[in-house]
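S.K.: What follows is a predicted structure for the sequence shown.
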Amino acid sequence: MLTGLVLVLVIVLVPVVLLALYAIGAYNRLVTLRNRFKNAYAQIDVQLKRRYDLIPNLVETAKGYLAHERQTLEAVIQARNAAYAANQRAAANPGDAQSMKGLSAAETGLVGALGRLFAVAEAYPDLKANQNMLALQEELTSTENKIAFARQAFNDAVMTYNTARETFPTNLIAGMFNFTPAELFVVEAPEQREAPKVSFK
């Protein structure tokens, strides 16, 4: 009779223990994947801040040559400030869909404003030859490339996380513990699909 009771307990407990171990493993995997995409966003954040720091120097250098283009310069600074604020919101919670969409829209505006600045600068040969402007152009181009690579790594990490949280039966664990979907850092405007053209040659 004791053997029968032990057998019943084993039959009941083993599946429960295995299910609990699976749930713990699935939960830990989701936490790991969520932390991975947050870390990947931190790499974007570093490069975006670098770009945001370069822009005031770029505007200051151009200001002396583009006295009649004040509106263009102000538009760049306003777009930079909007993108900076959007990035701070996104950095606080990279998984939040609204923050990521806001950042994408702000980045689109910034890239457009920079594109207009560089188009205007083409008409000023002295500005195109300025050593500070050339150095800033080189740094900005390098930073744009780093942003593109960091954005790709972030999107890959988000896709892995979203796939894991939507796959059965892990989706049950994700639902129970409120693992919400993460938003990709998508390019919404065609002009943002390429780094801004900053060549003064």
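M.R.: Structure received. Residues are numbered from 1 along each chain as shown.
S.K.: So which elements touch the biggest helix by length in the chain?
M.R.: When the chain is parsed with DSSP state H, its longest helix is helix 2-63. The helices and strands touching helix 2-63, judged by 3 or more CB pairs under 8 Å, 6 or more residues apart in numbering; DSSP states H and E, are helix 70-92, helix 97-121, helix 131-166, helix 170-176. (Each C-beta comes from the backbone N, C-alpha and C, glycine too.)
S.K.: In the helix or strand bottoming out on mean pLDDT in the chain, which residues are buried?
M.R.: Within the chain, no helix or strand scores below helix 125-129, which has a mean of 83 by mean pLDDT, DSSP states H and E. Buried residues in helix 125-129, counted by 16 or more other CB atoms under 10 Å: 127-128.
S.K.: do stretch 112-125 as well
M.R.: Residues of stretch 112-125 classed as buried by neighbour count (16+ other CB under 10 Å): 112-118, 120-121, 124.
S.K.: what are the C-alpha coordinates of that stretch, in CSV please?
M.R.: Provided in CSV are the C-alpha atoms of stretch 112-125 (Å, rounded to 0.1, in the frame of the first residue of the first chain):
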residue,chain,number,x,y,z
GLY,A,112,15.5,66.0,-42.9
ALA,A,113,16.7,69.2,-41.2
LEU,A,114,20.4,68.1,-41.6
GLY,A,115,19.8,67.3,-45.2
ARG,A,116,18.4,70.8,-45.8
LEU,A,117,21.4,72.3,-44.0
PHE,A,118,23.9,70.4,-46.1
ALA,A,119,22.0,71.3,-49.3
VAL,A,120,22.2,75.0,-48.4
ALA,A,121,25.9,74.7,-47.4
GLU,A,122,26.7,73.4,-50.9
ALA,A,123,26.2,77.0,-52.2
TYR,A,124,28.9,78.4,-49.9
PRO,A,125,32.4,77.4,-51.1
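S.K.: from now on call the first residue 37
M.R.: Renumbered: residue one is now 37, and that last one reads stretch 148-161.
S.K.: Nearest to V222, out of the helices and strands packed on helix 38-99?
M.R.: Closest to V222 of the helices and strands packed on helix 38-99 is helix 133-157 (CB to CB; 5.9 Å).
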